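**Student:** Quick one, what's the 3D model for this:
(2 chains)
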Amino acid sequence: MHSPTPIETSWPDAIYTQFRRVGIRQVGYVPDAGHSRLIALVKDDPDIADVVLTTEEEGVGLVAGAALGGQRAALLMQSSGVGNCVNMFSLLRNCGFGCVLLVTMRGEFGEFNPWQVPMGTITEDVLRLCGFLTYRVESADAVDETVGPGCDMAFDGNLQVAILLSQRLIGRKVWTR
Amino acid sequence: MDAMMLNRRDFVRELLVDRGDLLVVPGLGSATYDVAAAGDHPLNFYLWGAMGGTAMIGLGLALAQPNRRVAVITGDGDMLMGLGSLATIGVKQPNNLAIVVLDNARYGETGMQPSHTDRGIDLVAVALACRFNHGHVVSSSDDAAHVRALLHRGEGPLLINARIKPEDTPRVLPLRDGHAIKQRFIEALNSV
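**Tutor:** So this is what the prediction gives:
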């Protein structure tokens, strides 16, 4: 019998390890079940300023300010939060601020709450229209290989990169209590 | 009534006298023009958009540069649109961040329509409720030197609400190329 590797703890750790590797120093987020472990890891890290936001668009300004001050920043949000950011994203594109967005998807396969579906089904298209490169992750073993190069592209090239963590990935265990 | 209000150009110019390596983030519209009119400087990150985001840019910058002073200079409309950012700043308590709201109680860029502050909404009270360390209203040019001292040495986060006359001022248009504004700022910051 396999020893049960807890997937719900391994993939946020992989993201956190990549954050450390590329030297991310600020992380903006709105509290989120899917990102809860990653948020906890970031909050425990004295080298990373964790900035809890009242709305996701605040995080876009945070990223820009961090970059002006020489620091790399990442944003964590749900797919619904992407819709809150649309005009503010112009700041990133207009000035060429490198940015990594980790988006936990709602409104996808198996969604319980139909109110999540309208935004969840347009999230990737919205991000592309806003100038983001988008990469989807469907399984835990693909997190590391996607987040690492995604961070490199963002910060080496001053590009806007969004990594969409699918509901198949997140929904497996994190939401069961 | 106007006698009790500030001329925005004169006030901002006085705030930026002997600015040293003060990092300045002016909000879109008239605040950007006022800061440009006080003298172009590479440590100005002029905004021409991103309404509501100015204070948060200041926060990211203040966290990244804890040994330098950051001044957000913006209008009441921009501050009202980013009201939640005052709560976010209050949580982080950056002691090197000051916000100056140039409050004419009007949306100047769109035709001087009244803003919420025209109806008594009190941005200083909001800031203090959001755990800002200091906040007060100024309406006299005699206060400019004190506000300037706060920008350089005040224990933040702090917010100054400057009552300015609701008047049109000539536009002073700085750089608009976002990449250029950013790059110039970063290079200047790395050289001081």
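
**Student:** measure stretch B:123-139 end to end?
**Tutor:** End-to-end distance of stretch B:123-139 (CA to CA, to the nearest Å): 14 Å.

**Student:** What pLDDT is listed against residue A:1?
**Tutor:** Listed pLDDT for residue A:1 reads 47.

**Student:** typo on my end, residue A:174
**Tutor:** Turning to residue A:174, the model gives it a pLDDT of 47.

**Student:** Residue A:168 now?
**Tutor:** We have a pLDDT of 88 for residue A:168.

**Student:** Other residues contacting the strand or helix carrying it?
**Tutor:** Using DSSP states H and E, the element containing residue A:168 is helix A:167-170. With contact meaning CB atoms under 8 Å, 6 or more residues apart in numbering or on different chains, helix A:167-170 is reached by A:11, A:34, A:104-111, A:120, A:137-140, A:143. In this view, the C-beta of every residue, glycine as well, is placed from N, C-alpha and C.

**Student:** got the contact list for residue 132?
**Tutor:** Here I'm looking at chain A. Residues near residue A:132 by CB under 8 Å, 6+ apart: A:89, A:101, A:160-162.

**Student:** not quite, I wanted chain B
**Tutor:** Contacts for residue B:132 were tallied using CB under 8 Å, 6+ apart; they are B:86, B:89-90, B:156-159.

**Student:** So what's the residue count around residue B:67?
**Tutor:** By other CB atoms under 10 Å in any protein chain shown, 6 other residues sit near residue B:67.

**Student:** how far away is it from residue B:192?
**Tutor:** Per CB to CB, to the nearest Å, residue B:67 is found 11 Å from residue B:192.

**Student:** and what of residue A:83?
**Tutor:** Using CB to CB, residue A:83 is found at 39 Å from residue B:192.

**Student:** before we move on, what about residue A:34?
**Tutor:** Distance of residue A:34 to residue B:192, given as CB to CB: 42 Å.

**Student:** tell me the secondary structure for the spatially most central residue of chain B?
**Tutor:** The residue lying closest to the centre of chain B (CA atoms, centre = their mean) is residue B:73, at 1.1 Å. Of the three states, residue B:73 takes strand under DSSP: H, G, I helix; E, B strand; the rest coil.

**Student:** Now do the contacts for it.
**Tutor:** Counted by CB under 8 Å, 6+ apart, residue B:73 has contacts B:12, B:15, B:24-27, B:31, B:34-35, B:99-100, B:102.

**Student:** Tell me, how many residues neighbour residue 97?
**Tutor:** Picked chain A for this. Residues within reach of residue A:97, counting by other CB under 10 Å, total 23.

**Student:** Actually, chain B is the one I wanted.
**Tutor:** For residue B:97, using other CB under 10 Å, the count is 29.

**Student:** thought it was touching residue B:157?
**Tutor:** Yes - at 5.0 Å, residue B:97 counts as touching residue B:157 under the criterion of CB atoms under 8 Å.

**Student:** list the residues that contact both of these two?
**Tutor:** Taking CB under 8 Å, 6+ apart as the contact rule, the neighbours common to residue B:97 and residue B:157 are residue B:89.

**Student:** returning to that earlier point: list buried residues within the contacts of helix A:167-170.
**Tutor:** Buried by 16 or more other CB atoms under 10 Å in any protein chain shown: A:11, A:34, A:104-108, A:111, A:120, A:137, A:140, A:143, out of these.

**Student:** Lowest pLDDT pick from those?
**Tutor:** residue A:111 (84).

**Student:** Quick check: it vs residue A:160, distance?
**Tutor:** Using CB to CB, residue A:111 is found at 26 Å from residue A:160.

**Student:** Please apply the same query to residue B:177.
**Tutor:** As judged by CB to CB, residue B:177 and residue A:160 stand 18 Å apart.

**Student:** neighbour count winner among the two?
**Tutor:** residue A:160 (24 against 12).

**Student:** Helix or strand: which one has the residue nearest the centre of chain A?
**Tutor:** Central residue check for chain A by CA atoms, centre = their mean: the C-alpha nearest the mean position is that of residue A:102, 1.1 Å away. Secondary structure assignment for residue A:102, by DSSP H and E: strand A:99-104.

**Student:** list the helices and strands that strand packs on?
**Tutor:** Packing partners of strand A:99-104 (3 or more CB pairs under 8 Å, 6 or more residues apart in numbering or on different chains; DSSP states H and E): strand A:72-78, helix A:79-84, helix A:123-129, helix A:143-157, strand A:160-165.

**Student:** Highest neighbour count among the contacts of residue A:132?
**Tutor:** Using other CB under 10 Å as the neighbour test, those are led by residue A:101, with 28 neighbours.

**Student:** Now that residue: closest residue in space, sequence neighbours ignored.
**Tutor:** Counting by CB to CB, 6 or more residues apart in numbering or on different chains, residue A:101 lies nearest to residue A:162, which is 4.2 Å off, once chain neighbours are set aside.

**Student:** residues contacting that neighbour?
**Tutor:** A:82, A:100-101, A:103, A:124, A:127, A:132-135.

**Student:** which among those end up buried?
**Tutor:** Neighbour-count burial (16+ other CB under 10 Å) applied to the contacts of residue A:162 gives A:82, A:100-101, A:103, A:124, A:127, A:132, A:134-135.

**Student:** That concludes my questions; thank you for your assistance.
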